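K.L.:
Give me coordinates for this.
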Amino acid sequence: MRTIQKGNSPPYHLEQRRLKGTPTHPEKAWQHFSHKEEVRNSLKQQQYCLCAYCEIRLEELGEHIEHVMPKSKYPEKTFDYSNLVLSCLDSAILNQYPDDERSCGHSVGRQHSF
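P.N.:
Now for the predicted structure:
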């Protein structure tokens, strides 16, 4: 796992949403956040197009935005840039596997810190 330096400022729309406060329904709030591409591009640049967990090139398996501290347990971190990384496997591929067979920290109860 590589160390990720969060040196650049958060993407504008993400920061604006974070400033609105903790969402009541974090899953739904994240689903409806329409500026994920802006966040994804910022994270790609920051992570040199590598998965935050296994360092595989993101183009190989696709990617998704991962909440290091899960939204369900830490709703206040839903829009916190320091809590977001890009992880390999796009959401469609990831959802094909049971939780206990997912890679890169994608399983129930597992949490990573950077």
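K.L.:
Show me the helices in this structure, by range?
P.N.:
12-18, 26-32, 36-46, 58-61, 91-94 (DSSP state H).
K.L.:
Who are the contact partners of Tyr81?
P.N.:
6, 10-11, 14-15, 18, 39 (C-beta atoms under 8 Å, 6 or more residues apart in numbering). The C-beta positions use only the backbone N, C-alpha and C, and glycine is treated the same way.
K.L.:
Recalculate using a threshold of 7 Å.
P.N.:
Listed by C-beta atoms under 7 Å, 6 or more residues apart in numbering, the contact set of Tyr81 reads 6, 10, 14.
K.L.:
Is it possible to mark the buried ones in those residues?
P.N.:
10, 14 (16 or more other C-beta atoms under 10 Å).
K.L.:
which among the contacts of Tyr81 gets closest to Ala29?
P.N.:
Nearest to Ala29 among those: Leu14, at 11.9 Å, using C-beta to C-beta.
K.L.:
isn't that closest one right next to Phe79, touching?
P.N.:
Yes - in this structure, Leu14 is within contact of Phe79 by C-beta atoms under 7 Å, at 5.7 Å.
K.L.:
and stretch 76-85, which residues are buried?
P.N.:
By 16+ other C-beta under 10 Å, the buried positions in stretch 76-85 come out as 77-81, 83-85.
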